[in-house]
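Q: sequence and predicted structure below; questions after.
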Amino acid sequence: MKLHWQRVELPLKDPFTIARGTLYHQQCLIVGLTHGDVTGYGEVTCNSYYGHTYESLETSLSQVRELIADGDLIHPGELYDRCSEVIAHDRFALSAIDGAAYDLFGKIHGMRTTEVLGLPAINQTQSSYTLGIDSIEEMVRKYREQPGWPVYKIKLGTPHDLEIVQALRQETDATIRVDANCGCFSMWLDAEADHCEFPCIG
């Protein structure tokens, strides 16, 4: 197998703000694993808060490139274990290799990744759309541009957290999950904020 990657920088439609700061673009590595004429792809984002840069990720990937090249196609779980012995410190790089390995394994064997993992059918999985911190008016605007999602995750940590949730609740009856990591979380569930979930704090 051949391990390779490419740097990409993705512009964001709107600035994405969380308690730690604002992103205007997202730096990523697209990681590929090629076996014969089939390639599986994974992805990893750079994250300065956790110390992951293009350079650090590429260093970790380079440390397992030869190990991967010397091996045959194996189950992704086994490949993850082997790579973990070398770069256990870099879960970001490992996640990209893992994603590419499952994609490659599934393509070669004609299986969806959910089947390889033994997970329920994909139509039973609900994705969420994330709204970054902004003014109430802007968060409502962003929601209106992305209606119809079953779940919305909203970043919080402002003096008007409750008002944000109340305003969005007027727009949708979808499940709202709040994520106030590293922010000052002051919102309490009440009757007006029904159907909210609070599992994302940390």
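A: That came through fine. Please read all numbers here as calculations on a predicted model, not as lab measurements.
Q: can you give me the helices in this structure?
A: Secondary structure of the chain (DSSP state H): helices at 54-69, 76-87, 91-109, 113-117, 136-144, 161-169.
Q: winner for burial among these?
A: helix 91-109 (a mean of 21; mean count of other Cβ atoms under 10 Å). All C-beta spots, glycine's among them, are computed from the backbone N, C-alpha and C.
Q: got the contact list for Ala121?
A: Applying Cβ atoms under 8 Å, 6 or more residues apart in numbering, we find Ala121 in contact with Thr114.
Q: separation between it and Val151?
A: Here Ala121 is placed at a distance of 18 Å from Val151 (Cβ to Cβ, to the nearest Å).
Q: what's the nearest residue to Ile87 if we skip its chain neighbours?
A: Spatial nearest neighbour of Ile87, excluding adjacent residues (Cβ to Cβ, 6 or more residues apart in numbering): Ser60 at 4.5 Å.
Q: need the pLDDT of the one you found.
A: We have a pLDDT of 98 for Ser60.
Q: swap in Arg20?
A: pLDDT at Arg20 comes out at 80.
Q: surely it meets Tyr49?
A: Yes: using Cβ atoms under 8 Å, Arg20 is in contact with Tyr49, at 5.8 Å.
Q: would CSV of the helices of the chain with distance to Lys2 be doable?
A: Output for the helices of the chain, formatted as CSV (distance: least, Cβ to Cβ, whole Å):
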stretch, distance to Lys2
helix 54-69, 6
helix 76-87, 13
helix 91-109, 11
helix 113-117, 20
helix 136-144, 40
helix 161-169, 46
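Q: closest one to Gly40 among those?
A: Judged by Cβ to Cβ, the one of those that comes nearest to Gly40 is helix 91-109, at 2.7 Å.
Q: could you report the neighbour count for the residue lying closest to Thr22 once chain neighbours are set aside?
A: Of all residues not flanking Thr22 in the chain, Pro15 sits nearest, at 5.1 Å (Cβ to Cβ, 6+ apart). When counting by other Cβ atoms under 10 Å, one arrives at 13 neighbours for Pro15.
Q: ditto for Asp179
A: 24.
Q: any idea how far Gly51 is from it?
A: From Asp179 over to Gly51 the distance is 21 Å, taken as Cβ to Cβ.
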